[in-house]
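*Asks:* model the structure of this input:
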Amino acid sequence: MQLAQNVVALAPQPSAAGRFSGPAGATIAEIRRLAASDLTPIVADIDKGAYPAAVLRAFGVAGGYGLHLTAGHTLGPTIESMAAISETCLSTGFMDWCQNTLVWYILNSDNEALKAKFLAPAAEGKVLGGTGLSNPMKTIFGIEQMRLKGTKVEGGYRIKGALPWVSNLGPDHLFGAVFDTDDGGRVMCLIDCADPAVTLKPCEPFLALDGTGTFGVQVRDLFIPQDMILADPAMPYIRKIRAGFILLQAGMAIGLVRDCVRMMEEVRPALGHVNRFLDVQPEDIAEKLAAIEAEVFELAATPYDPSDAFWKRVVAMRLEGGEATVAAAHHAMLHCGARGYVAAHRCQRRLREAYFVAIVTPATKQLRKMLAEMA
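*Replies:* Numbering: from 1, shown residues only. Okay, the predicted model is just below:
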């Protein structure tokens, strides 16, 4: 009961009100309603490791994974929908990002057979899945080596290797993956977790985000037929999708920061007389959030912009969003004080979740490396 009292039903934040209308606005409103009615009661279970498959599929039925299938494929409505979910639970917001990114992969593939088979089921939440691009993103920017290797065979490729962490997975899920080939090529594909050549291995417990269906993945002599190839060669395709991949992550940051502002305002009647001596007030966080949202939604209108200037803005925005999330959660804890430090209060969960925004690929240190190399 105490936990339920501390996970409040959410109303639209002023910065989000009226941004989207028409069918997109109606879908976002329904996602927000589902977050309040279906997600809020199980947040504590998710934080302890429960995977909310039913809620994720309900978001798909509501249209939450199809928002960027509209003309022009703008990402603003998808980011707003993800933010609405992340206001309640970042674990679920992250899985929403995984699912929407899977749809983004399929949408942007030139493989019509793959799109015909998977786009509608993924967009409707009938097929759930993850992104699998953590290792490739680090490899492309000189941080790791590619962990999956492939050999060309008749009708496709055979691949092997292991990925330490892939999220939003289960025995019937899909995820995107990149592998290097014997002849120096690089290919991106979909992997079906139901294939006997794929093994999902539980991970060590995390500080937070344990309910996200995150597994280590072992691949042994897996056949990838042509109708599972997203792109061959992969690099032109990755350059096309990379801005969208990162922009979509902004929904997690925006939603969590909104809730941090809300928590600071919630305790103001009881603690405002002493909290006023803290250096950072909710208005300061809200002002920072408004600036981030303005940049995010402007960038989200043109996710295919190929210019270096646009790409630099996307990377800088992602860095700023991660840092602002950690700062907002930190100051929310200071404002809530002892009541936010008890296990039943959502403030301590939001603080644990905030660090994930700063370390999920591309992490703060990788983003700083990328910006330094751009300079």
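
*Asks:* counting neighbours, what do you get for Thr70?
*Replies:* Residues lying near Thr70 (other C-beta atoms under 10 Å) number 12. Glycine gets a C-beta too; all of them are placed from N, C-alpha and C.

*Asks:* thought it was touching Phe20?
*Replies:* No - Thr70 is not in contact with Phe20 according to C-beta atoms under 8 Å; the separation is 10.9 Å.

*Asks:* who's in contact with the residue nearest to Val61 when sequence neighbours are not counted?
*Replies:* Computed as C-beta to C-beta, 6 or more residues apart in numbering, the closest residue to Val61 that is not its neighbour in sequence is Gly125, at 6.1 Å. The contact partners of Gly125, by C-beta atoms under 8 Å, 6 or more residues apart in numbering, come to Leu56, Arg57, Ala58, Phe59, Gly60, Val61, Gly64, Tyr65, Gln99.

*Asks:* ditto for Gly76
*Replies:* Arg19, Phe20, Phe297, Ala300, Ala301.

*Asks:* do the same with Ala122
*Replies:* By C-beta under 8 Å, 6+ apart, the contact set of Ala122 is Tyr65, Gln99, Leu102, Val103, Ile106, Leu128, Gly129, Leu174.

*Asks:* now the buried members of the contacts of Gly76.
*Replies:* Neighbour counting with 16 or more other C-beta atoms under 10 Å marks Phe20, Phe297, Ala300 as buried within those.

*Asks:* report the secondary structure state of the first one.
*Replies:* When the structure is split into helix, strand and coil by DSSP: H, G, I helix; E, B strand; the rest coil, Phe20 lands in coil.

*Asks:* okay, it and Glu80: tell me how far apart.
*Replies:* 6 Å (C-beta to C-beta, to the nearest Å).

*Asks:* overlap in contacts, Thr70 and Phe20.
*Replies:* What both Thr70 and Phe20 touch, as defined by C-beta under 8 Å, 6+ apart, is the set Pro77.

*Asks:* related to what we said a few turns ago, find residues that contact each of Phe20 and Glu80.
*Replies:* Ile28.

*Asks:* bridged to Val187, which residues?
*Replies:* Beta-bridge pairing of Val187 under DSSP bridges involves Phe179.

*Asks:* re earlier: from the contacts of Gly125, which would you call buried?
*Replies:* Taking 16+ other C-beta under 10 Å as the criterion, what is buried in the contacts of Gly125 is Leu56, Arg57, Ala58, Phe59, Gly60, Gly64, Tyr65, Gln99.

*Asks:* just the pLDDT for the fourth one.
*Replies:* Just to be clear, that refers to Phe59. Looking at Phe59, its pLDDT is 98.

*Asks:* give me every residue that touches it.
*Replies:* Ile31, Leu34, Tyr65, Ser81, Ile85, Asp96, Gln99, Gly125.

*Asks:* also the second one?
*Replies:* Contacts were defined as C-beta under 8 Å, 6+ apart; by that measure Arg57 touches Gly125, Lys126, Leu128.
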